[in-house]
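Participant: pasting the structure only:
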């Protein structure tokens, strides 16, 4: 199954078929009577999509001419899926009336329509592909007045310090065998004592080459929840916790590696199919209990990205391939879409934030104050998932803020949470219900904070 058939993409051949026509519109009016006797009705007008589909079909037919084609509809807007199917039927009929007829999926001609929107208006874009030529048609589908998914008003972020040290920290991970701290040239294991964290073991890492000024690192648990896998510029490390009656220790090994880094894994992918994608979640939590989030997930391919160690960012080449060229980026996170399915949010090195869904990239508005680091938080508040973002610039006192993306605009879902310094790294906690942040509070002062959200 190709990418165009997944994650909210509605795919159909333009047919000239016989048979009875289906009912084109389902009209639903919901009236709520208030205690004061006021009636409030919300409904989607039966013919609201006829005008833009007719206009778009005319432009497509002008570009393509009479013939055969294959239609793909991608919904990046807040239009519900049942209405998307009605839009498809209207568009198929309007195209048929203009001489665009049936074709199989292997046709040289295809039409890819994307339903997108901003906070104020809807824009429908059609890519008309004839062999190696691509032409574009666009129509204004009116104001974005359909019921929107509202951000979680009043959501409150809280932070709790997990660890503090005097050397740079790239990432951390709590495991059954202790707290793993990843540093540019060192992995340290700490155990909790009455006096605080105590280093019980460490392993030095010989760098594969010159390190960038601000190196990155990723630290993830394996599927069993025991041990860790770490990625550093040009290096991959693994750690296994071994416990017996005689001793408890870690077996740690590192080797040079140019393999892509695992940046996310979960149930389903915007690149390979519909559903909810979370960061890599272990089957067990550090306390030994089963992870309720992971237990509800099925094991599907992880998302990997190639890291440019000399430039300190991801190149834009990911595995599996989304069949679209991605820009070099600093951060990426999967977010659910209101109409169903998920999309990949990408923070490019040029400061642009884009959303990848159904094989196309769309710019996101409302991100002017975003920094280069963000991570997904599965709080259960509002839409269920928020994006936690660091502030733009390097401030003495940085901040984090929650946003939601009901369409192609980021909407603040919380007030900024002041941090005790500059946020240098941000990632989703293994349980998915928190975000971990590394904060540099002074030249030789670093701490790891866990940020969580409470619903109003």
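Facilitator: Happy to help now that I have it. These numbers come from a predicted model, not from an experiment.
Participant: quick one, strands of the stretch 51-200 of the chain?
Facilitator: 67-68, 70-75, 100-101, 109-117, 121-130, 133-143, 156-165, 171-175, 178-183, 186-193, 196-204 (DSSP state E, counting those that start in this stretch).
Participant: same check, this time on the stretch 201-350 of the chain
Facilitator: Secondary structure of the stretch 201-350 of the chain, counting by DSSP E, counting those that start in this stretch: strands at 218-220, 228-232, 235-243, 248-256, 261-264, 303-308, 313-319, 329-336, 342-348.
Participant: nearest the geometric middle of this protein, what residue?
Facilitator: By Cα atoms, centre = their mean, the mean C-alpha position of the chain lies nearest to residue 334, the distance being 1.6 Å.
Participant: what's the spacing between it and residue 385?
Facilitator: Applying Cβ to Cβ, to the nearest Å, the value for residue 334 to residue 385 is 9 Å. Every residue, glycine included, has its C-beta placed from N, CA and C.
Participant: picking up where we left off before, what's the closest of the strands of the stretch 51-200 of the chain to residue 218?
Facilitator: strand 171-175 (6.1 Å; Cβ to Cβ).
Participant: next, the angle strand 228-232 makes with the closest one.
Facilitator: Interaxial angle, strand 171-175 versus strand 228-232 (axes from the mean of the first three to the mean of the last three Cα atoms, to 10 degrees): 170 degrees.
Participant: list the buried residues for strand 171-175?
Facilitator: Under the neighbour-count criterion of 16 or more other Cβ atoms under 10 Å, strand 171-175 has 171-175 buried.
Participant: related to what we said a few turns ago, between the strands of the stretch 51-200 of the chain, which one is nearest to residue 442?
Facilitator: Here strand 156-165 is closest among these (Cβ to Cβ), at 11.0 Å.
Participant: what helices or strands is the closest one leaning on?
Facilitator: Here strand 156-165 touches strand 171-175, strand 178-183, strand 399-404, strand 417-418, strand 445-454, going by 3 or more Cβ pairs under 8 Å, 6 or more residues apart in numbering; DSSP states H and E.
Participant: can you list contacts of that strand?
Facilitator: 169, 172, 174, 179, 181, 190, 197, 388, 400-402, 414-415, 417, 419, 436-437, 445-454, 456 (Cβ atoms under 8 Å, 6 or more residues apart in numbering).
Participant: ok, the residue nearest to residue 441 when sequence neighbours are not counted - contacts?
Facilitator: Of all residues not flanking residue 441 in the chain, residue 421 sits nearest, at 3.4 Å (Cβ to Cβ, 6 or more residues apart in numbering). For residue 421, the contacting residues are 396-398, 439-442, 445, 447, by Cβ under 8 Å, 6+ apart.
Participant: mind picking the one among the residues you listed that's closest to residue 330?
Facilitator: residue 398 (15.4 Å).
Participant: now that closest one: how far from residue 352?
Facilitator: Between residue 398 and residue 352 the computed distance is 21 Å (Cβ to Cβ).
Participant: who has more neighbours, those two?
Facilitator: residue 398 (25 against 14; other Cβ atoms under 10 Å).
Participant: how about CSV for the contacts of residue 421, with distance to residue 330 and pLDDT added?
Facilitator: Formatted as CSV, these follow (distance: Cβ to Cβ, whole Å; pLDDT from 0 to 100):
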residue, distance to residue 330, pLDDT
396, 21, 62
397, 21, 74
398, 15, 88
439, 17, 94
440, 17, 92
441, 22, 86
442, 24, 82
445, 24, 92
447, 21, 95
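Participant: buried subset of the residues you listed?
Facilitator: Buried, going by 16+ other Cβ under 10 Å: 398, 439-441, 447, out of those.
Participant: a markdown table please, covering those residues and showing distance to residue 210.
Facilitator: Putting those into a markdown table (distance: Cβ to Cβ, whole Å) gives the following:
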| residue | distance to residue 210 |
| --- | --- |
| 398 | 28 |
| 439 | 26 |
| 440 | 21 |
| 441 | 27 |
| 447 | 27 |
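Participant: residue 319: how many residues sit nearby?
Facilitator: Counted with other Cβ under 10 Å, residue 319 comes out at 15.
Participant: circling back to that earlier point, could you dump the buried residues of strand 171-175 into JSON lines with pLDDT added?
Facilitator: Shown next, in JSON lines, are the buried residues of strand 171-175 (pLDDT from 0 to 100):
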{"residue": "171", "pLDDT": "95"}
{"residue": "172", "pLDDT": "95"}
{"residue": "173", "pLDDT": "93"}
{"residue": "174", "pLDDT": "91"}
{"residue": "175", "pLDDT": "87"}
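Participant: what's the closest residue to residue 304 other than its chain neighbours in contact with, if anything?
Facilitator: Leaving out its chain neighbours, the residue that sits closest to residue 304 by Cβ to Cβ, 6+ apart is residue 260, at 3.7 Å. Going by Cβ under 8 Å, 6+ apart, residue 260 touches 304-307, 317-319.
Participant: if we use 7 Å, what do you get?
Facilitator: Applying Cβ atoms under 7 Å, 6 or more residues apart in numbering, we find residue 260 in contact with 304-306, 319.
Participant: and it, how far is that from residue 375?
Facilitator: 19 Å.
Participant: specify the stretch among the helices and strands packed on strand 156-165 that is closest to residue 68.
Facilitator: In terms of Cβ to Cβ, the element of the helices and strands packed on strand 156-165 nearest to residue 68 is strand 399-404, at 41.5 Å.
Participant: contacts for that closest one?
Facilitator: 151-152, 155, 157, 377, 382-383, 386-391, 410-414, 416-419, 423, 437, 451, 453.
Participant: give me the mean pLDDT for that strand.
Facilitator: What strand 399-404 shows for mean pLDDT is 94.
Participant: what's the closest non-adjacent residue to residue 99?
Facilitator: Excluding the flanking residues, the one nearest residue 99 by Cβ to Cβ, 6+ apart is residue 66, at 3.4 Å.
Participant: pop out the phi and psi values for that neighbour.
Facilitator: For residue 66, the backbone dihedrals (degrees, to the nearest 10) come out as phi -60, psi 140.
Participant: surely it and residue 97 touch.
Facilitator: No: using Cβ atoms under 7 Å as the test, residue 66 is too far from residue 97 to be in contact (11.2 Å).
Participant: which of the two has more neighbours?
Facilitator: Counted by other Cβ under 10 Å, residue 66 and residue 97 do not tie: residue 97 has more neighbours, with 12 against 9.
Participant: the more buried one - nearest residue in space that isn't next to it in sequence?
Facilitator: Nearest non-adjacent residue to residue 97 (Cβ to Cβ, 6+ apart): residue 57, at 7.7 Å.
Participant: that neighbour: neighbouring residues, count only.
Facilitator: Neighbours of residue 57 using other Cβ under 10 Å come to 25.
Participant: same question, residue 244
Facilitator: 7.
Participant: where's it relative to residue 258, distance?
Facilitator: 36 Å.
Participant: for residue 362, same thing?
Facilitator: Taking Cβ to Cβ, one finds residue 362 at 31 Å from residue 258.
Participant: the more surrounded of those two?
Facilitator: residue 362 (20 against 11).
Participant: what about the more buried one, which helix or strand?
Facilitator: For residue 362, the host element (DSSP states H and E) is strand 360-363.
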